[in-house]
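Asks: Make a model of this:
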Amino acid sequence: MRVHFIAIGGSAMHNLALALHKKGYTITGSDDEIFDPARGRLEKAGLLPKEEGWHPERITPDLDAVVLGMHARIDNPELLKAQELGLKIYSYPEYLYEQSKDKLRIVVGGSHGKTTTTAMILHVLRLCNIDTDYMVGAQLDGFDVMVKLSDSAKIMVLEGDEYLTSPIDRRPKFHLYKPNVAIITGIEWDHINVFPTFDIYKEQFAKYIDLIEEGGTLIYCDDDPVVHEVVAANKRTDIAKMPYDVPEYEVVDGVTYIQSPLTDHGSQVTGHRSPLKIFGRHNMLNLTAAQYACREIGVSDEDFYKAITSFHGAGKRLECLWQNDHAALYKDFAHAPSKLRATVSAVKEQYPDRKVIACMELHTFSSLTAEFLTQYRGSMDKADIPFVYFNPHAIELKKLPQLDKSQIKEAFGNDSITVFDNSQLMAETIKAEAKRCEEESTPYVILMMSSGNFDGIDLGELRC
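Replies: Numbers count the residues shown, from 1 in each chain. So this is what the prediction gives:
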């Protein structure tokens, strides 16, 4: 098979290219810019284009397929050439479905928790020696790539993103996977540039349920009132609907324990607690969704709990950068309002006796849009010292009206919040707060939350 990738340098695209290359396909690709880690990984595999830019002469009739990345424009010269030749053009999710249509597909959808829940399922299946193909949106410990495709695996686990499929296909990605087992972790308005109202956004999840294969299973977070509402409105009777809620757990001396039905020589042990390496109420919900999905493919609860105790979390999700007996620094991918609430609450619950210094970056299109900002009200309230950072240049690049600090502070509805538009001043202020805690012998946690990178500052240096 000969497959050409238009916009091969994307995070998802280059991982799919590597997976197909490993499968024995002949892969070519183009892009107008490619950065690390994609550049280094493509170069190591011999797939890095010799020169950047678009080259329609690379689109030839002998190609079996062209995969179109979201980064490409609708007037991309390579896309136009492929259309002219009548070649089969796939979006990224279309091609994943094509590779998995004969497998049992587990799809993890939701406004938050998708990557972590997907990672939990994959972690458990790997330790249970169950051969699995997958696509996940982060680099995971124990997994070389973010996409694996094979002829041998009978199961495919897919992280189901609700963002658009490609420049020529405006459907959400997770509408293309047709799950046998579907998960909805939560629903909270996001991607305002694509879904201008919350009702339109919710409708995508209603359609997702309708796309579950006949005889399939919907696993949904009944703790989320919007999810409950969407599922209750669905009239399908040809699928099983399995609600889940927060399991019983407790935090003791900085360790989270979950009640687990492990057995001892064939007899169930009552009141057994399994220690976890993750923490937070939201992660307990993610864990339960993963457990239910694993049950659907024959993994016992006992085996699930044995495996999940060694799960450290997905990349950039409550990732500890440093810690000692009285201080710690975490970074997290949180950027949407629900993610901020869950992450700040998780840290405060895990460290109830420490001062939480939390900073989030407004980075996405939605978060930098005035109409959406009010969704953040109260999302940082559990932080002892809350900060918000934004870069006016990022707003300019997204061609949005500029925001001012007072507007952002009012939207968050918290008089304690300090808003920064200078990353160096933000970093110096955080270090000053940490120094004050040290001088006062006050234990503390620094929590940095963003889907960006705070203008490239070294988070590991945020200590006094």
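Asks: Mind checking the pLDDT average for stretch 418-432?
Replies: The average pLDDT within stretch 418-432 is 97.
Asks: And the contacts of it?
Replies: The contact list for stretch 418-432, computed with C-beta atoms under 8 Å, 6 or more residues apart in numbering, reads 357, 359, 386-392, 405, 408-409, 446, 454-455, 457, 461-464. (Glycine included, C-beta is placed from N, CA and C.)
Asks: now stretch 62-79
Replies: For stretch 62-79, using C-beta under 8 Å, 6+ apart, the contacting residues are 1-10, 12-13, 16-17, 30-31, 54-56, 58-59, 82, 87-92, 95, 163-168.
Asks: Show the buried residues in these.
Replies: 3-10, 12-13, 16-17, 30-31, 54, 56, 59, 82, 87, 89-92, 95, 164-167 (16 or more other C-beta atoms under 10 Å).
Asks: what residues go with each domain of the protein?
Replies: For the chain, the structural domains run 2-87, 96-308, 319-461, going by automatic domain parsing.
Asks: Ramachandran angles for residue 244?
Replies: Backbone geometry at residue 244, expressed as degrees, to the nearest 10, gives phi -140, psi 160.
Asks: Just want the phi and psi numbers for the spatially closest residue to residue 156 that is not a sequence neighbour.
Replies: Distances taken as C-beta to C-beta, 6 or more residues apart in numbering put residue 100 closest to residue 156, at 3.8 Å, once the chain neighbours are dropped. Main-chain dihedrals, residue 100, degrees, to the nearest 10: phi -120, psi 10.
Asks: Assign a three-state SS to residue 156, would you?
Replies: strand (DSSP: H, G, I helix; E, B strand; the rest coil).
Asks: Look up the pLDDT of it for me, please.
Replies: For residue 156, pLDDT reads 98.
Asks: these two touch, right, it and residue 136?
Replies: No: using C-beta atoms under 8 Å, residue 156 is not in contact with residue 136, being 11.3 Å away.
Asks: Out of the buried ones among the contacts of stretch 62-79, list just those in helices.
Replies: 12-13, 16-17, 82, 92, 95 (DSSP state H).
Asks: what mean pLDDT would you report for stretch 68-77?
Replies: pLDDT averaged over stretch 68-77 gives 94.
Asks: for it, which positions count as buried?
Replies: Buried, per 16+ other C-beta under 10 Å, within stretch 68-77: 68-72, 76-77.
Asks: swap in stretch 38-45?
Replies: 38, 41-42.
Asks: what's the answer for stretch 212-232, then?
Replies: Quick answer for stretch 212-232 (16+ other C-beta under 10 Å): 212, 216-224, 226-227, 230-231.
Asks: Which residue ranges of the stretch 201-350 of the chain form strands?
Replies: 217-221, 240-244, 249-252, 255-259, 263-264, 267-268, 273-276, 319-323, 327-332 (DSSP state E, counting those that start in this stretch).
Asks: before we move on, what about the stretch 51-200 of the chain?
Replies: Using DSSP E, counting those that start in this stretch, strands in the stretch 51-200 of the chain cover 65-68, 89-91, 104-109, 133-135, 147-148, 155-160, 164-166, 169-172, 181-184.
Asks: Neighbouring strands of the third one in the sheet, and parallel or not?
Replies: Looking at strand 104-109 with DSSP bridges, its partner strands are strand 155-160 (parallel), strand 181-184 (parallel).
Asks: Now find how far off-centre the shortest one is within its chain.
Replies: This points to strand 181-184. 15 Å (C-alpha atoms, centre = their mean, to the nearest Å).
Asks: could you give the mean pLDDT of that strand?
Replies: Averaging pLDDT residue by residue across strand 181-184 gives 98.
Asks: Over to stretch 217-224?
Replies: 98.
Asks: Export it to CSV, keeping only CA atoms.
Replies: Taking C-alpha atoms only, stretch 217-224 is exported to CSV below (Å, rounded to 0.1, in the frame of the first residue of the first chain):
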residue,chain,number,x,y,z
THR,A,217,-22.8,-0.4,24.8
LEU,A,218,-22.8,3.2,26.0
ILE,A,219,-20.9,3.8,29.2
TYR,A,220,-21.7,7.3,30.5
CYS,A,221,-20.9,9.5,33.5
ASP,A,222,-24.2,9.8,35.4
ASP,A,223,-22.5,12.3,37.8
ASP,A,224,-22.6,14.8,34.9
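Asks: and residue 364, which of the three is it?
Replies: Residue 364 ends up coil, using three-state DSSP.
Asks: Isn't it up against residue 335?
Replies: Yes: using C-beta under 8 Å, residue 364 makes contact with residue 335 at a distance of 5.6 Å.
Asks: anything in contact with each of these two?
Replies: Shared contacts of residue 364 and residue 335, counting by C-beta under 8 Å, 6+ apart, come down to residue 451.
Asks: so which of the buried residues of stretch 68-77 comes closest to residue 281?
Replies: Of all the buried residues of stretch 68-77, residue 70 has the smallest distance to residue 281: 32.6 Å, by C-beta to C-beta.
Asks: just checking, next helix/strand downstream of the helix or strand containing residue 436?
Replies: Assessed by DSSP states H and E, residue 436 sits inside helix 423-439. For helix 423-439, the following helix or strand on the C-terminal side (DSSP H and E) is strand 444-449.
Asks: Report the buried residues of that next one.
Replies: Buried-residue list, strand 444-449, by 16+ other C-beta under 10 Å: 444-449.
Asks: and it with strand 327-332, angle?
Replies: Interaxial angle of strand 444-449 relative to strand 327-332 (axes from the mean of the first three to the mean of the last three C-alpha atoms, to 10 degrees): 10 degrees.
Asks: what's strand 444-449 in contact with?
Replies: The contact list for strand 444-449 (C-beta under 8 Å, 6+ apart) reads 326-335, 339-340, 343-344, 347, 351, 354-361, 383, 430, 433-434, 437, 454, 459, 462-463.
Asks: repeat for stretch 287-298
Replies: Residues contacting stretch 287-298 (C-beta under 8 Å, 6+ apart): 104, 106, 108, 113, 117, 120-121, 124-125, 130, 155, 181, 183, 185, 217, 219, 221, 242, 244-247, 258, 276, 278, 301, 304, 308.
Asks: so how far is it from its chain's centroid?
Replies: 19 Å.
Asks: How about the contacts made by the nearest residue to residue 241 once chain neighbours are set aside?
Replies: Of all residues not flanking residue 241 in the chain, residue 218 sits nearest, at 4.9 Å (C-beta to C-beta, 6+ apart). Contacts for residue 218 were tallied using C-beta under 8 Å, 6+ apart; they are 182-184, 209, 212, 231, 239-242.
Asks: For those, work out which two are farthest apart.
Replies: Using C-beta to C-beta, the contacts of residue 218 reach their maximum pairwise distance at 184 and 240, which is 13.9 Å.
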